[in-house]
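In: Model the structure of this input:
(one chain, ligands or ions: 1)
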Amino acid sequence: MSGEKRLAGRAAIVTGAARGIGLAIAGRLAREGASVMIGDLDVEVAAQAVADWDDDLSVAVHGLDVTKEEQVAEVVATAEERFGRLDILVNNAAILDMTAYEDLSLEAFHRVLSVNLDSVLTMTRAAVPAIERVGGGRILNIASIMGLRGAKDAIPYSTAKGGVINLTRCLACELAAKGITVNGIAPGFIDTRMARTPDGAHEHETELFQQFYLGHEKIPLVRAGLPDDVAGPALFFCSDDSRYVTGQTLLVDGGLSATF
Ligand SMILES: NC(=O)c1ccc[n+]([C@@H]2O[C@H](COP(=O)([O-])OP(=O)(O)OC[C@H]3O[C@@H](n4cnc5c(N)ncnc54)[C@H](O)[C@@H]3O)[C@@H](O)[C@H]2O)c1
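Out: Just a heads-up that it's a prediction; the model follows:
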C-alpha cells in the first residue's frame, strides 16, 4: 500500500544513539514506523535529543554501557518487553582513540576493542534469541573506513573497526539460517562529536582536511558527511529492501575510497 511506513510494526535497538550517527539512525527508523530503544551511557543527552521528536513516534531511552554484559542483557529484555518484540539491532556505540604508537598501552588497546568490537558480539548474542522469536530480522554494525585502511595513531580504533567488518561477515554466515541478515556501514568523515580532537579542534576545519580532502577533491562529493547521510543507507539495511544482502559493508564516505 502506498504511503505505508517501511518499518511499521517493527522494533529496534540502536546503541550509542544519544547523539551523532546513532541518533540520526534512531530517528530515521522511528519515522519509518519502528519502535526504537536508544541505549547509551548518556541517558540525559539522549532524553533531551528525543524530547522534541513528534509525539506519534515510539521511542524509549535506556542507560547502557555496551561493555557490561548484564546491561546488554537488560536493554534487550527491556526492549522486547516494552515493544512486545525485537526485529532490528544497530551496533553503533564506539569511542575514538588516536593515541600515538609510542604511548599506547595494552590496557588502552583492550579498552577500545572492548567498546568497539567485543560489544558487537555481546549485543548480537543477547539480541538474537529475541529476533529469532519474530522469525528473523536485521543486524547493522557501524564500522569505519578506518577499518579498511591503516593510519598513524589509529592502532586500537582501526583494528577494532577492521574486526567489525569481518565479524559482520562471520555473523552473516552464522545467523542466515535464523533469517537474520547482518550488514555493516563504514562511514567516512562525518560531522559529529567524534570529529573533534581532544583539544576541542574540529577535524574538518584543519588545513589538512580543507586542502587535501576538499581542495584536491580526495572526497569527490567535496564535503564532510552529516549524520543523516548515514541514516538513509542504514534504513535500507534495516528494511525488507535488503533481504537478499548479508555480510556486506557499504562505504558511506562521499566517494573517498573510490579515488587515490
Ligand atoms: N563521525 C565520524 O566521522 C565516523 C566515521 C566513521 C565511523 N564512525 C562510527 O560511527 C559510530 C557513531 O559515531 P559518532 O560519530 O556518532 O560518535 P559520537 O561520539 O557522536 O557518538 C557515539 C555515542 O556512543 C556512545 N557510547 C560510547 N561508549 C559507549 C558505551 N560503552 N556504551 C554505550 N554507549 C556508548 C556515546 O555516549 C555517544 O552517544 C561509531 O561506531 C563510530 O566509530 C564515525
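
In: got the contact list for the helix or strand hosting residue 173?
Out: Assessed by DSSP states H and E, residue 173 sits inside helix 155-175. For helix 155-175, contacts defined as C-beta atoms under 8 Å, 6 or more residues apart in numbering pick out 91, 94, 96-99, 101, 104, 108-109, 111-113, 115-117, 120-121, 124, 128, 139, 141-144, 146-151, 181-184, 186, 246-249. Bear in mind the C-beta positions are built from the backbone N, C-alpha and C, glycine included.

In: what number of residues lie near residue 149?
Out: The number of residues packed near residue 149 is 13, by other C-beta atoms under 10 Å.

In: secondary structure element for residue 80?
Out: helix 69-83.

In: that older thread, just the CA atoms of the helix holding residue 173, as PDB, please.
Out: Coordinates of each C-alpha in helix 155-175 appear next as PDB, following Å, rounded to 0.1, in the frame of the first residue of the first chain:
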ATOM      1  CA  ILE A 155      46.000   1.200  16.100                       C
ATOM      2  CA  PRO A 156      43.200   0.400  18.500                       C
ATOM      3  CA  TYR A 157      40.300   2.100  16.600                       C
ATOM      4  CA  SER A 158      41.300   0.900  13.100                       C
ATOM      5  CA  THR A 159      42.000  -2.700  14.500                       C
ATOM      6  CA  ALA A 160      38.600  -2.700  16.200                       C
ATOM      7  CA  LYS A 161      36.800  -1.400  13.100                       C
ATOM      8  CA  GLY A 162      38.600  -3.900  10.800                       C
ATOM      9  CA  GLY A 163      37.400  -6.600  13.200                       C
ATOM     10  CA  VAL A 164      33.800  -5.300  13.000                       C
ATOM     11  CA  ILE A 165      33.900  -5.600   9.200                       C
ATOM     12  CA  ASN A 166      35.000  -9.300   9.300                       C
ATOM     13  CA  LEU A 167      32.800 -10.000  12.300                       C
ATOM     14  CA  THR A 168      29.900  -8.800  10.200                       C
ATOM     15  CA  ARG A 169      30.800 -11.400   7.500                       C
ATOM     16  CA  CYS A 170      31.100 -14.200  10.100                       C
ATOM     17  CA  LEU A 171      27.900 -13.300  11.900                       C
ATOM     18  CA  ALA A 172      26.100 -13.200   8.500                       C
ATOM     19  CA  CYS A 173      27.100 -16.800   7.900                       C
ATOM     20  CA  GLU A 174      26.200 -17.900  11.400                       C
ATOM     21  CA  LEU A 175      22.800 -16.200  11.500                       C
END
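
In: Show the pLDDT at the nearest residue to residue 153 once chain neighbours are set aside.
Out: Nearest non-adjacent residue to residue 153, counting by C-beta to C-beta, 6 or more residues apart in numbering: residue 98, 4.5 Å away. Note for residue 98: predicted pLDDT of 94.

In: chain center to the helix holding residue 173: distance?
Out: 13 Å (C-alpha atoms, centre = their mean, to the nearest Å).

In: mind listing the strands in this structure by residue range?
Out: According to DSSP state E, the chain carries its strands in the segments 11-15, 35-40, 59-63, 88-91, 137-142, 180-187, 249-252.

In: With mean pLDDT and mean neighbour count as extra columns, can I get the ones you listed in JSON lines?
Out: Formatted as JSON lines, the strands of the chain follow (pLDDT from 0 to 100; neighbours: other C-beta atoms under 10 Å):
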{"stretch": "strand 11-15", "mean pLDDT": "99", "mean neighbour count": "29"}
{"stretch": "strand 35-40", "mean pLDDT": "98", "mean neighbour count": "29"}
{"stretch": "strand 59-63", "mean pLDDT": "98", "mean neighbour count": "19"}
{"stretch": "strand 88-91", "mean pLDDT": "99", "mean neighbour count": "28"}
{"stretch": "strand 137-142", "mean pLDDT": "99", "mean neighbour count": "26"}
{"stretch": "strand 180-187", "mean pLDDT": "99", "mean neighbour count": "25"}
{"stretch": "strand 249-252", "mean pLDDT": "98", "mean neighbour count": "20"}
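
In: Nice, that's everything, thank you.
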